[in-house]
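**Student:** sequence-free structure coming up:
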């Protein structure tokens, strides 16, 4: 083998080693970036969880005040009931004061009806508040934990980023899908308010038939990771059709 041939082989090996070192450096940088983004997401979730607990505490405090008011009203109602009953007994025994005492009886009966109506109204209001609070707390915690867990796993393995874009709207941004432009972004905005999820926007636009079908399956099985994989594959098909 000639010296020139050996030199060419040596240079090729050296170039591959340099490429491997550069690739390893890029991978180390990528892992550091992943750790940073995961820490940021965890910090963001902790803050949101703190805010939610604070709001729940404030609502519970308000409900505590309502319960206290309701108890006080109940005691006043019982006291008023006893007073009314006593007054009615006296009215029936005082024949000489029928006219004036009947007026007092009617007034007290009116107070009794008003007190009963107010008691019932506050009871219904308190029950509705309690039901709404329990429902919103359970739904929020379950949905956010599911979104966070699935989103973090997708971020680690598929180049996905999750960004809140409103109180109840989340944007999922995909990277590294287009082999001709790895920086090209593909995104979908999901509204998590209410019982069912809804899709507000996809960039670039995906077909309404696909979005409706994927969204129906998401609302049925509640599997966010599966939904995002379907969206990612649809974006890849869109890229292939453009080549």
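**Tutor:** Nice, thanks for sending it over. All figures in this text were calculated on a predicted structure; none of them were measured in a lab. Residues are numbered from 1 along each chain as shown.
**Student:** What is the top helix by length along the chain packed up against?
**Tutor:** When the chain is parsed with DSSP state H, its longest helix is helix 3-93. Packed against helix 3-93 by the contact rule (3 or more C-beta pairs under 8 Å, 6 or more residues apart in numbering; DSSP states H and E) you find helix 98-158, strand 160-164. (Glycine included, C-beta is placed from N, CA and C.)
**Student:** and it, how far from the chain's centre?
**Tutor:** 9 Å (C-alpha atoms, centre = their mean, to the nearest Å).
**Student:** got it, and stretch 209-226?
**Tutor:** For stretch 209-226, the distance to the chain centre is 17 Å (C-alpha atoms, centre = their mean).
**Student:** and if you look at stretch 104-113?
**Tutor:** That offset, for stretch 104-113, works out to 49 Å (C-alpha atoms, centre = their mean).
**Student:** quick one: average pLDDT of it?
**Tutor:** Averaging pLDDT along stretch 104-113 yields 78.
**Student:** Just give me the neighbour total for residue 233.
**Tutor:** 12 (other C-beta atoms under 10 Å).
**Student:** Now do it, the pLDDT please.
**Tutor:** Value listed for residue 233 in the pLDDT field: 95.
**Student:** and the angle from the helix or strand harbouring it to strand 160-164?
**Tutor:** Using DSSP states H and E, residue 233 maps to helix 224-242. Helix 224-242 runs at 110 degrees relative to strand 160-164, counting by axes from the mean of the first three to the mean of the last three C-alpha atoms, to 10 degrees.
**Student:** any idea how far residue 237 is from residue 204?
**Tutor:** 12 Å (C-beta to C-beta, to the nearest Å).
**Student:** one step back: lowest mean pLDDT across the helices and strands packed on helix 3-93, which one is that?
**Tutor:** helix 98-158 (a mean of 64).
**Student:** now residue 94: how far from residue 200?
**Tutor:** Computed as C-beta to C-beta, the residue 94 to residue 200 distance reads 73 Å.
**Student:** Any stretches of the chain with poor pLDDT?
**Tutor:** 1, 98, 112, 115-116, 118-123, 125-127, 129-158 (pLDDT under 70).
**Student:** Let's see that with 80 instead.
**Tutor:** 1-3, 84, 87-88, 91, 94, 97-99, 101, 108-109, 111-159, 243 (pLDDT under 80).
**Student:** Domain-wise, how is it divided?
**Tutor:** 77-151, 159-241 (the TED database).
**Student:** Span of the longest one from start to end?
**Tutor:** What it means is domain 159-241. One end of domain 159-241 to the other measures 22 Å (C-alpha to C-alpha, to the nearest Å).
**Student:** Return the distance of it from the chain's centre.
**Tutor:** 17 Å.
**Student:** show me the contacts for residue 203.
**Tutor:** Counting by C-beta atoms under 8 Å, 6 or more residues apart in numbering, residue 203 touches 185, 186, 187, 188.
**Student:** still on that earlier bit, would you mind giving the domains of the chain as JSON lines with distance to residue 50 added?
**Tutor:** Output for the domains of the chain, formatted as JSON lines (distance: least, C-beta to C-beta, whole Å):
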{"stretch": "domain 77-151", "distance to residue 50": "13"}
{"stretch": "domain 159-241", "distance to residue 50": "15"}
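**Student:** Quick check: residue 211 vs residue 189, distance?
**Tutor:** Distance from residue 211 to residue 189, by C-beta to C-beta: 11 Å.
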